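Asks: can't give you the sequence, but here's the structure:
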Ligand SMILES: C[S@@+](CC[C@H](N)C(=O)[O-])C[C@H]1O[C@@H](n2cnc3c(N)ncnc32)[C@H](O)[C@@H]1O
C-alpha cells in the first residue's frame, strides 16, 4: 500500500527527490512537505530527512491517492470538499464511498451526462451503483428534475444520503438499496459506472429499465473490454453512439433501438 511521508524542514532538493521516486501526490503544508509514495519506495530513502511515515488514505476504493480531498471541475461543474463554500459547487463528504470525482471513470460519466442533456434534456435519471451519489447529484445540478440511485453497499447509500442533504438535493433524489433487478419502471437516461463483468451480466435487466429511445452511459470499463460490453448490449437491442476514453478507461454512450 502507498504510504504518506511528512518531511519537516525539507532541504531544497526534497521535491526533486520525491518526484524522482515517483510520488503520487506532493503538497507543502507550512514548514512540512507531505507526499504519498508507492510502497515500492523503501522508507530508508528518507533516512537523511527528519520525516514521519504514516499510512496514506485512499479515495475511490483504493484507486486514487491524494493527501487531502481537493476541488475538481468536471464538465463545468465544480466539485469540492464540504468546507469549500463556492456557491454553485457540488459539495461531497470525504468518505470511503467511490465517487470523489478524481477517478477517470467518474469524470467520463459526468461528461457523458452533460452531453446527453445537451443533446436532449430529460427530467429523470437512474444511477446504478451510485457510490457517493456524485453522478446523480451532478445530473440534478445540470437540470434533471429527479434522480433514482441504487447501490448494493449500505455504507455507500449512507454517504449518498449525506451528500444529498449537504447540497439540499434530498427531495429530488430517491436512494434504493439493491441492484437494477430490485426496481421497476423505465428512465430516459441511465448511468452505470460499475465494472465490465457485472455490466455484461446485467445487460438484459438494464435494458428493461430504459424508455423508448432511452440513453445509457456505461463506465468502469477498461479499453480492452469495451468491445465485449458493446456486444452484450447490442444483443439486447441497444446500439452504440459514442465512446470516450481516458487513462485506459472508457465510457460508452448507447441508445435503445426501440
Ligand atoms: C465504481 S463505483 C461508482 C460510484 C459512482 N457512481 C461514480 O461514478 O463515481 C461502483 C459502485 O457500484 C456499486 N455496485 C457494484 N455492483 C453493483 C450492482 N450490481 N448493483 C448496484 N450497485 C452496485 C458499488 O457498491 C459501488 O458503490
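Replies: Now that the structure is in, tell me what you want to look at. It should be emphasised that the depicted structure is a prediction, and the values quoted were computed from it without experimental measurement.
Asks: Excluding chain neighbours, what is closest to residue 245?
Replies: Computed as Cβ to Cβ, 6 or more residues apart in numbering, the closest residue to residue 245 that is not its neighbour in sequence is residue 223, at 5.8 Å. Yep, even glycine has a C-beta here, placed from its N, CA and C like the rest.
Asks: again, but for residue 139
Replies: With sequence-adjacent residues excluded and distances taken as Cβ to Cβ, 6+ apart, residue 139 is closest to residue 125, at 4.6 Å.
Asks: How about the contacts made by that neighbour?
Replies: 113, 136, 139, 144, 146, 147, 148, 187, 188, 189, 190, 191 (Cβ atoms under 8 Å, 6 or more residues apart in numbering).
Asks: can you confirm it is in a strand?
Replies: Yes: assessed with DSSP: H, G, I helix; E, B strand; the rest coil, residue 125 lies in a strand.
Asks: just to revisit the earlier point, would you mind measuring from the residue nearest to residue 245 to residue 156?
Replies: Using Cβ to Cβ, to the nearest Å, residue 223 is found at 26 Å from residue 156.
Asks: out of these two, which sits in the more crowded spot?
Replies: Using other Cβ atoms under 10 Å as the criterion, residue 223 and residue 156 rank with residue 156 on top: 25 against 13.
Asks: element containing the more buried one?
Replies: Taking DSSP states H and E as the criterion, residue 156 maps to helix 154-166.
Asks: Ok, residue 255 next?
Replies: Using DSSP H and E, residue 255 falls within strand 249-256.
Asks: who touches that strand?
Replies: In this structure, residues lying in contact with strand 249-256 by Cβ under 8 Å, 6+ apart are 104-105, 108-109, 111-112, 115-116, 193, 207, 210-223, 226, 229-230, 233, 237-245.
Asks: follow-up on the earlier one: quick check, pLDDT for the residue nearest to residue 245.
Replies: Residue 223 carries a pLDDT score of 97 in this model.
Asks: Can you verify my assumption that it contacts residue 248?
Replies: Yes: counting by Cβ atoms under 8 Å, residue 223 does reach residue 248; the two are 5.8 Å apart.
Asks: re earlier: and the helix holding residue 156, which residues are buried?
Replies: 156, 157, 159, 160, 162, 163, 164 (16 or more other Cβ atoms under 10 Å).
Asks: So which residues on the protein come close to the ligand?
Replies: Taking Cβ under 6 Å from any ligand atom, the part of the chain that reaches the ligand is made up of 98-99, 106, 109, 128-131, 134-135, 150-153, 156, 179, 193-194, 198, 220.
Asks: Please pick the buried ones from these.
Replies: Applying 16+ other Cβ under 10 Å to the residues of the chain next to the ligand flags 98-99, 106, 109, 128-131, 134-135, 150-151, 153, 156, 179, 193-194, 198, 220 as buried.
Asks: So which elements touch whichever strand or helix holds residue 4?
Replies: Assigned by DSSP H and E, residue 4 belongs to strand 3-8. Other elements packing on strand 3-8 under the criterion 3 or more Cβ pairs under 8 Å, 6 or more residues apart in numbering; DSSP states H and E are strand 32-37, strand 50-55.
Asks: The closest residue in space to residue 88 that isn't next to it in sequence - how many residues pack around it?
Replies: Excluding its sequence neighbours, the residue lying closest to residue 88 (Cβ to Cβ, 6+ apart) is residue 78, at 6.7 Å. Neighbour count for residue 78, taken as other Cβ under 10 Å: 17.
Asks: likewise residue 148?
Replies: If you count neighbours by other Cβ under 10 Å, residue 148 ends up with 20.
Asks: thinking again about what came up before, partner strands of the strand holding residue 255, with direction?
Replies: strand 210-222 (antiparallel), strand 238-246 (antiparallel) (DSSP bridges).
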